[in-house]
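1. Sequence and predicted model, in that order:
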Amino acid sequence: MKQTIFIIGLGLIGGSLALGLKRNEHVTVIGYDAHTPSLRTAKRIGVIDEMAVHLKEAAEIADIIVFATPVNETIRLMNEILAWDLKEQVIVTDTGSTKNEIMKAAISLREQGITFIGGHPMAGSHKSGVEAARAHLFENAYYLLTPFPNENKEEVTILTNLLQVTKAKIVQVKAEEHDHMTAVVSHFPHLVAASLVHQLAGENEKFPFTKQLAAGGFRDLTRIASSNPIMWRDITVQNRRELSNQLQMWTEEMIRLQNLLLHADEEDIEKYFQTAKQVRDELPITAQGAMFSVFDLYVDIPDYPGVISEITGYLARDRISITNLRIVETRVDVFGILVISFQTMDDRAKAVACIAKNTTFETYIS
Ligand SMILES: NC(=O)C1=CN([C@@H]2O[C@H](COP(=O)(O)OP(=O)(O)OC[C@H]3O[C@@H](n4cnc5c(N)ncnc54)[C@H](O)[C@@H]3O)[C@@H](O)[C@H]2O)C=CC1
Ligand SMILES: O=C(O)C(=O)Cc1ccc(O)cc1
């Protein structure tokens, strides 16, 4: 029998989940988005099987309901569905980046006998909207589930089995631990990225040329500052306690760094960078999607007309998809650096081979 999945919020994550789940032929995906053009686009480009006209009606025929909306909106909708006549066996889940407040809101659902299992696919990007959705977004990424500690194991198994088709690594964690860990590796870095951009904006008023100099390092570090502000507003508000702790630790770290500067002790400064390099270099290699779904390849290119189309032509001929392209630096007398982004590590590896086969340009991975 076909399972009916109802996804509410058809942006990057809801859309990608819909595409991933649609790989299972025993599934029908109904979608809803408050932004009607997004809903229509989702249907037109085949992200969903059917459009829901009324939220309540679609929810009442669903076997699985997924909230893929910004997390404050998710809580509002979770309260709204309390008044609806959902199927007795329905499983409700979400994709939100925070879990504590969501699981607190889920207590009311549970009191009404509705199963709620929190979910968070740890993959995504700074992009948003249904057009950015990709079926393979969650492949090899961690997909965290936060069931209530005494949740019926069968229900968790049903949801886990359903999500297997996305090829994500599904792991159960406690909601509090989830919010602590994601504050460290995702939410707090977002605050740092945004604050660095603010710092640049301030400096740029005095030295307007500064912005022009914002090359690789600054861009790498601040890419996530280009994410959806509403989504991050909600995450920040919901996880403010953990974020405030992280900020405190960061402030202490900055004071430590300032002392290093004041003492100008070369050995200590080198040690500081050495330790950071070691920890960074030893981070587990995350395959496609795990946290950073952008795989950049740097290509040293000579500055002559047509060089970029030459490279993209070779990649197109080998059917290697690229997601972004930018030039970090081009001057007449030196090689420029072309940065090509790929959605998977595999595509990037193919691109390295393709460029080596067709050109003498050097490629490297940052
Ligand atoms: N962007 C990312 O990289 C990741 C995001 N998440 C989480 O997934 C959720 C969705 O994020 P994205 O897809 O990136 O955002 P998005 O901005 O791409 O999509 C959100 C969609 O929800 C719709 N929406 C808003 N309020 C609604 C409502 N009341 N009813 C129906 N639709 C509504 C919007 O119109 C939009 O199409 C968020 O909770 C976010 O924290 C989780 C993992 C990664
Ligand atoms: O763009 C990136 O690298 C991200 O970190 C994407 C992301 C954003 C929010 C999440 O809850 C999980 C992953």
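-> Happy to help now that I have it. Ligands and ions are numbered 1, 2, ... in the order given.

2. contacts and neighbour counts: CA atoms only from here.
-> Noted.

3. okay, the residue lying farthest from the centre of the chain: pLDDT?
-> Each residue of the chain has a distance to the centre, and by Cα atoms, centre = their mean the biggest one is for His263: 39.7 Å. On pLDDT, His263 comes in at 96.

4. same thing with Asp85?
-> On the pLDDT scale, Asp85 is placed at 97.

5. what's the answer for Ser321, then?
-> 89.

6. what does the one 4 residues further on give?
-> As summarised for this prediction, Leu325 has a pLDDT of 87.

7. and if you look at the one 4 residues further on?
-> Among the per-residue scores, Glu329 shows a pLDDT of 54.

8. Same question for the one 4 residues further on.
-> Asp333 is assigned a pLDDT of 42 by the prediction.

9. any idea how far the residue in the chain that ligand 2 sits nearest to is from ligand 1?
-> Nearest residue of the chain to ligand 2, counting by Cα to the nearest ligand atom: Ser125, 3.1 Å away. Taking Cα to the nearest ligand atom, to the nearest Å as the measure, Ser125 falls 4 Å from ligand 1.

10. Show me what counts as buried in stretch 2-10.
-> Across stretch 2-10, burial judged by 16 or more other Cα atoms under 10 Å covers Thr4, Ile5, Phe6, Ile7, Ile8, Gly9, Leu10.

11. Now render these as CSV, adding secondary structure, pLDDT and distance to His178.
-> Listed next are the buried residues of stretch 2-10 as CSV, based on DSSP: H, G, I helix; E, B strand; the rest coil; pLDDT from 0 to 100; distance: Cα to Cα, whole Å:
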residue, secondary structure, pLDDT, distance to His178
Thr4, strand, 98, 28
Ile5, strand, 98, 25
Phe6, strand, 98, 25
Ile7, strand, 98, 23
Ile8, strand, 98, 23
Gly9, coil, 98, 22
Leu10, coil, 98, 24
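
12. Which single one of these is nearest to ligand 1?
-> Using Cα to the nearest ligand atom, Gly9 is the member of the buried residues of stretch 2-10 that sits closest to ligand 1, with 3.6 Å.

13. Following the record's annotation, map out the domains of the chain.
-> 3-173, 178-281, 295-364 (automatic domain parsing).

14. The second one near ligand 2 at all?
-> So that's domain 178-281. Yes - Domain 178-281 reaches ligand 2 (Cα under 6 Å from any ligand atom) through Ser186, Ile224.

15. helices or strands next to the helix or strand harbouring Gln248 in the packing?
-> Using DSSP states H and E, Gln248 sits within helix 240-263. Contact partners of helix 240-263 among helices and strands, from 3 or more Cα pairs under 8 Å, 6 or more residues apart in numbering; DSSP states H and E: helix 188-206, helix 266-281.

16. which of those is buried the deepest?
-> The highest average neighbour count among the helices and strands packed on helix 240-263, using mean count of other Cα atoms under 10 Å, belongs to helix 188-206 at a mean of 16.

17. who's in contact with that helix?
-> Thr210, Lys211, Leu221, Thr222, Arg223, Ile224, Ala225, Leu243, Gln246, Leu247 (Cα atoms under 8 Å, 6 or more residues apart in numbering).

18. Show the model's pLDDT score for the residue lying closest to the last one once chain neighbours are set aside.
-> Meaning Leu247. Excluding the flanking residues, the one nearest Leu247 by Cα to Cα, 6 or more residues apart in numbering is Phe188, at 7.6 Å. Phe188 carries a pLDDT value of 98.
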